[in-house]
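Participant: this is the structure alone, sequence omitted:
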Ligand SMILES: Nc1ncnc2c1ncn2[C@@H]1O[C@H](COP(=O)(O)OP(=O)(O)OP(=O)(O)O)[C@@H](O)[C@H]1O
Ligand SMILES: [Mg+2]
């Protein structure tokens, strides 16, 4: 007995405590002379870049002022432009006296995000569902108006971050159910449905988005009688929903294909109808598997909203552009680069938020499978 | 004979494209009968039993299950399917649901059993396959043998009149085969009508009323298990038994 026990090797402590900072450094950055060399080079580049960036963005930057004259030095950022015009960026051309309506919608949107970020025990589901229903309805009534004595504000006047967020959320939220339906249609056994969906998807994917947007805005009134009565913004929304749902459809189709045939067979063998099988067994798994690609598409949609500039709308980027051309701020090129750095930062904050949230979704779904 | 039979095949033919996979199948199964189907790979065993719950459609001939003929204008295919349980080689549990929910979902959605009651029934059947302590786990956390027992319980929850088993032990490690076969033997002793595709000769000998040997889409031989394994009448069956015995 004892001799056999001696043959077992006792567990030894790992060479580095996996949790310790120095252990992590050693393993990840300095494991060989080559790795060490790369680490040192990268550290140097990081240092060189960040010192000049910090000098530009903070130390030499001008924070306040109301004309281009406030920023004479090209070695520092001109944040004065941003602080002077931020209202325009956030509210677009929305009437000043009605800013409170936009503020309520922003607050509701923030509340919706909070409802999805944190768990509120048993209230979680109710909270989320009510926010998701309240936000679009209240958002429409408050922003567009025309009800309850609220003055009508034409969607053309939205502009700025407001317009960017409205277009992005309508495109994303609209393209998900549409894309799901298209994907189910494309994988359907009924040849007619599958063909129609396939060509619909291929058409929208195959034509440049700029062409689609211009077509919708300029040509729709010619093809459809009374088409000119459809608001230009609504036409743009339809165009966005159309081509983005085609991309979403392909994302979901990938997810559907990742589900083994056995799942379909087991569901059918239990007697589940097509819709119950899809709703309870197939789609929950397929959508979960689609999350990374879905997020990729959502980020793409968010950034692509900037093409509405081409049909004369002023989204965040458009309004920055217009402000740069206003007589107060026409000036040296570093104002221009500061403005675009700011725009980049805003877009990055939103897309980074989307991707962080999806990471959480993925991690959570790994737990129970 | 015909009137007692719970499953009846008459001159059933099926093609996959140009490939004639089932050829003139005649088969009658009476209530409570246990039938083992064996034969070489690709002989059409799976296709045969999958025609019974219409996972596959036949093109010619007649299949009658519980007095209902399976044909194109069958409206209540889902009803038939809930009466015919099926267990697969690859378990096919729903990985995004707990073991308990795997057993509840069919009862709740198809049989419209209230959730609470469905859960009680589920626990009863999990007890019968000796796995009730795993009810809250997810399928991915169970061993193959445990998963297959859950799959059997999932089918039984639907109170089926017929159970189909398609090589349910072939994907299992040897030490887990017995725990699954034990459950099936219990089920057989309770009088369930069973069609079992398997090469487990011991199981066939203890449980089967009849062994059906298939090759190239046809039923070549039909006999009692002892007669079949000890003295097969066709050369193909002899060959097959020789090979299978060799591997055991
Ligand atoms: N969906 C399908 N499409 C085309 N051919 C198929 C399909 N399913 C099965 N076949 C073919 O039909 C034949 C019979 O298949 P089946 O699965 O019924 O055989 P089996 O007897 O169960 O074999 P195994 O022991 O390997 O499971 C095989 O040659 C197989 O390649
Ligand atoms: Mg098979």
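Facilitator: Thanks, I have it. None of the values given here were measured: they were computed from a predicted structure. Ligands and ions are numbered 1, 2, ... in the order given.

Participant: which regions of the stretch 1-150 of chain A lie under the pLDDT threshold?
Facilitator: A:1-7, A:15-19 (pLDDT under 70).

Participant: and the host helix or strand of residue A:214, how far from the chain's centre?
Facilitator: Using DSSP states H and E, the element containing residue A:214 is helix A:209-214. Helix A:209-214 sits 20 Å away from the centroid of its parent chain (Cα atoms, centre = their mean, to the nearest Å).

Participant: just give the nearest non-adjacent residue to the spatially most central residue of chain A, would you?
Facilitator: Closest to where the C-alpha atoms of chain A average out (Cα atoms, centre = their mean) is residue A:299, at 3.9 Å. Excluding its sequence neighbours, the residue lying closest to residue A:299 (Cβ to Cβ, 6 or more residues apart in numbering or on different chains) is residue A:351, at 4.6 Å. (Each C-beta comes from the backbone N, C-alpha and C, glycine too.)

Participant: contact residues of chain A facing chain B?
Facilitator: For chain A, the contact set with chain B under Cβ under 8 Å from any Cβ of the partner chain comprises A:260, A:262-263, A:265-266, A:268-273, A:276, A:280-281, A:284-285, A:288, A:368-369.

Participant: helices and strands of chain B: which one bottoms out on pLDDT?
Facilitator: Ranked by mean pLDDT, DSSP states H and E, the weakest helix or strand in chain B is helix B:235-247, scoring a mean of 81.

Participant: show me what it is in contact with.
Facilitator: With contacts defined as Cβ atoms under 8 Å, 6 or more residues apart in numbering or on different chains, helix B:235-247 is touched by B:38, B:39, B:40, B:199, B:201, B:213, B:215, B:220, B:221, B:228, B:229, B:232.

Participant: picking up where we left off before, average pLDDT for the host helix or strand of the residue nearest to the centre of chain A?
Facilitator: Using DSSP H and E, residue A:299 sits in helix A:283-304. Computed over helix A:283-304, the mean pLDDT rounds to 91.

Participant: counting by contacts, list what the lengthiest helix in chain A packs against.
Facilitator: Scanning chain A for the helix with the most residues, using DSSP state H, yields helix A:333-367. Applying 3 or more Cβ pairs under 8 Å, 6 or more residues apart in numbering or on different chains; DSSP states H and E, we find helix A:333-367 packed against helix A:80-91, helix A:283-304, helix A:316-325.

Participant: buried sites along it?
Facilitator: Under the neighbour-count criterion of 16 or more other Cβ atoms under 10 Å in any protein chain shown, helix A:333-367 has A:334-336, A:338-339, A:341-343, A:346-347, A:350-351, A:354, A:358, A:365 buried.

Participant: what's the angle from it to helix A:316-325?
Facilitator: Counting by axes from the mean of the first three to the mean of the last three Cα atoms, to 10 degrees, helix A:333-367 lies at 170 degrees to helix A:316-325.

Participant: look up phi and psi at the spatially closest residue to residue B:34 that is not a sequence neighbour.
Facilitator: Nearest-residue entry for residue B:34: residue B:194, 4.6 Å, with adjacent residues in sequence omitted and distances by Cβ to Cβ, 6+ apart. Per-residue torsions, residue B:194: phi -130, psi 130 (degrees, to the nearest 10).

Participant: I figured residue B:194 hits residue B:37, correct?
Facilitator: No - if you go by Cβ atoms under 8 Å, residue B:194 and residue B:37 don't touch, sitting 10.6 Å apart.

Participant: residue boundaries of the helices in chain B?
Facilitator: Counting by DSSP H, the helices of chain B are B:45-52, B:77-83, B:99-109, B:115-128, B:144-156, B:174-189, B:201-207, B:225-230, B:235-247.

Participant: equivalent analysis for the stretch 1-150 of chain A, please.
Facilitator: Assigned by DSSP state H, counting those that start in this stretch, the helices in the stretch 1-150 of chain A fall at A:2-7, A:21-28, A:33-54, A:80-91, A:99-117, A:124-144.

Participant: what's the closest of these to ligand 1?
Facilitator: helix A:124-144 (41.0 Å; Cβ to the nearest ligand atom).

Participant: packing partners of that closest one?
Facilitator: Going by 3+ Cβ pairs under 8 Å, 6+ apart, helix A:124-144 lies up against helix A:99-117, helix A:160-186.

Participant: tell me the angle of it relative to helix A:99-117?
Facilitator: Inter-element angle recorded for helix A:124-144 and helix A:99-117: 160 degrees (by the same axes, to 10 degrees).

Participant: for the residue in chain A positioned nearest to ligand 1, give its distance to residue A:267.
Facilitator: Using Cβ to the nearest ligand atom, the point where chain A gets nearest to ligand 1 is residue A:261, with a distance of 9.4 Å. From residue A:261 across to residue A:267, the span is 11 Å (Cβ to Cβ, to the nearest Å).

Participant: the two - which one has more neighbours?
Facilitator: Taking neighbours as other Cβ atoms under 10 Å in any protein chain shown, residue A:261 and residue A:267 compare with residue A:267 leading, 24 against 9.

Participant: quick one on the thing from earlier: for the residue nearest to residue A:299, which residues are in contact?
Facilitator: A:299, A:302, A:303.

Participant: and residue A:194, what element?
Facilitator: Applying DSSP H and E, one finds residue A:194 within helix A:191-206.

Participant: which neighbouring elements make contact with that helix?
Facilitator: Counting by 3+ Cβ pairs under 8 Å, 6+ apart, helix A:191-206 packs on helix A:160-186, helix A:232-257.

Participant: can you give the contact residues for it?
Facilitator: Contacts of helix A:191-206 (Cβ under 8 Å, 6+ apart): A:182-183, A:185-188, A:212, A:242-243, A:245-247, A:249-250.

Participant: quick check: of those residues, which lies closest to residue A:328?
Facilitator: Using Cβ to Cβ, residue A:212 comes nearest to residue A:328 of the contacts of helix A:191-206, at 36.1 Å.

Participant: buried residues in stretch A:154-162?
Facilitator: A:155, A:157, A:158, A:159, A:160, A:161, A:162.

Participant: is it true that the fourth one touches residue A:313?
Facilitator: By that I understand residue A:159. Yes - applying Cβ under 8 Å as the test, residue A:159 and residue A:313 come out as touching, 7.1 Å apart.

Participant: hey, what's in contact with both of these two?
Facilitator: Common neighbours of residue A:159 and residue A:313 (Cβ under 8 Å, 6+ apart) do not exist.

Participant: list the contacts for the residue nearest to the centre of chain A?
Facilitator: Each residue near residue A:299 by Cβ under 8 Å, 6+ apart is listed here: A:351, A:354, A:355.

Participant: go back to the residues you listed and keep what's next to ligand 1.
Facilitator: Applying Cβ under 6 Å from any ligand atom, the subset of the contacts of residue A:299 adjacent to ligand 1 is empty.

Participant: how many other residues sit next to residue 13?
Facilitator: You didn't pick a chain, so chain A it is. 6.

Participant: oops, chain B please
Facilitator: Applying other Cβ under 10 Å, I find that residue B:13 has 15 neighbouring residues.

Participant: from chain A, how far out is the closest residue to residue B:119 other than its chain neighbours?
Facilitator: Using Cβ to Cβ, 6+ apart and skipping residues adjacent in sequence, the residue nearest residue B:119 is residue B:104, 5.8 Å away. Separation of residue B:104 from chain A (Cβ to the nearest Cβ, to the nearest Å) stands at 11 Å.

Participant: what sits against residue B:104?
Facilitator: B:115, B:118, B:119, B:122, B:157.

Participant: same question for residue B:211.
Facilitator: With the criterion set at Cβ under 8 Å, 6+ apart, residue B:211 makes contact with B:35, B:36, B:37, B:38, B:204, B:221, B:222, B:223, B:224, B:225, B:228, B:229.

Participant: any of those buried? List them.
Facilitator: B:35, B:36, B:37, B:38, B:204, B:221, B:223, B:225, B:228, B:229.
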